[in-house]
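Engineer: fold the following for me, if possible:
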Amino acid sequence: MRFSQSPAVKTGLSIAVATGLYGISFGALAVTSGLSFWQAVALSALMFTGGSQFAFIGVIAGGGAGSAAFGAATLLGVRNMVYGMQMNALARPRGWRKAAAAHVTIDESTATAVVQEDLVELRRGFWTAGLGVFILWNVFTVVGALMGDALGDPKAWGLDGAAVAAFLALLWPRLKAREPVAMAVVCALATVLVVPLVPPGVPILVAALVAALWGWIGHRPAEAAA
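Structural biologist: From the prediction side, this is the model:
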């Protein structure tokens, strides 16, 4: 099958366009949250995982310390390590491609790849979605950062809470089963309860800890019968 006619390529391109456009939101919110233009651009190029990036600027916008922002972003990015092990076993990249694959292993590239039925289509889907999202996300981050820098005070436009809204927009489509919805509700409740008690940035770490405990308790293997 020709590359241009590949279903995996078509799927990857459509996902790349839809996801890449979110880069505008990130770029605008990053600079209005206190990051410089170049810091926003560097964060997209080097961190390159939407949920973690929005979490990072959400903590910064709330007045949290850089360490708390980094911790929140890291916790949300752990899933990419799991994706990386899966894609390394499936796509089997070699040489410089292994390092490149690690950087573009995200929700979208992994999802596009794992639904393919043969190795060629799996690789095409992975690289098309991964590289496509990377290119467009960074291009639109630049556009958003330029727009956001021209907006002035974020509070005057209501953008001080927009990072949370943008993060929820990324999260909401993934809440399709009862357990993720229940976990989200419990984590949100835990966050609300600790907000008055701890410094900015810490509540999201508390929510991540609650989610981790939920996963560990709910999915640990049953003990063998004596």
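
Engineer: how many other residues sit next to L193?
Structural biologist: Using other C-beta atoms under 10 Å, L193 is surrounded by 11 other residues. Heads up, the C-betas are built off the backbone N, CA and C, glycines and all.

Engineer: name the element it belongs to?
Structural biologist: For L193, the host element (DSSP states H and E) is helix 178-194.

Engineer: low-confidence ranges in the protein?
Structural biologist: 1-4, 149-177, 179-180, 198-205, 207-208, 211-212, 214-216, 218-226 (pLDDT under 70).

Engineer: and the helices in it?
Structural biologist: Counting by DSSP state H, the chain has helices at residues 7-20, 22-32, 37-46, 50-61, 66-91, 96-103, 107-114, 119-149, 154-157, 162-171, 178-194, 202-219.

Engineer: now do the fifth one against helix 119-149, angle only.
Structural biologist: Orientation note: helix 66-91 sits at an angle of 160 degrees relative to helix 119-149 (axes from the mean of the first three to the mean of the last three C-alpha atoms, to 10 degrees).

Engineer: and if you look at the second one?
Structural biologist: Between the axis of helix 22-32 and that of helix 119-149 there is an angle of 40 degrees, by the same axes, to 10 degrees.

Engineer: tell me the helices and strands packed up against helix 22-32.
Structural biologist: helix 37-46, helix 50-61, helix 119-149, helix 154-157, helix 162-171 (3 or more C-beta pairs under 8 Å, 6 or more residues apart in numbering; DSSP states H and E).

Engineer: just name the most buried of those.
Structural biologist: By mean neighbour count, with neighbours taken as mean count of other C-beta atoms under 10 Å, helix 50-61 ranks first of the helices and strands packed on helix 22-32 at a mean of 25.

Engineer: a markdown table for the helices and strands packed on helix 22-32, including distance to L209?
Structural biologist: Formatted as a markdown table, these follow (distance: least, C-beta to C-beta, whole Å):
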| stretch | distance to L209 |
| --- | --- |
| helix 37-46 | 24 |
| helix 50-61 | 14 |
| helix 119-149 | 29 |
| helix 154-157 | 29 |
| helix 162-171 | 18 |
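
Engineer: the ones you listed: which one's closest to A16?
Structural biologist: Closest of these to A16 is helix 119-149, at 2.7 Å (criterion: C-beta to C-beta).

Engineer: what's the neighbour count on the residue nearest to R124 when sequence neighbours are not counted?
Structural biologist: Using C-beta to C-beta, 6 or more residues apart in numbering and skipping residues adjacent in sequence, the residue nearest R124 is A8, 4.5 Å away. If you count neighbours by other C-beta under 10 Å, A8 ends up with 25.

Engineer: I'd guessed A8 sits against W127; true?
Structural biologist: No: the criterion here is C-beta atoms under 8 Å, and A8 misses it with W127 at 9.3 Å.

Engineer: give the contact list for the residue nearest to R124.
Structural biologist: Contact partners of A8, counting by C-beta atoms under 8 Å, 6 or more residues apart in numbering, are T112, A113, Q116, E121, L122, R124, G125, T128.
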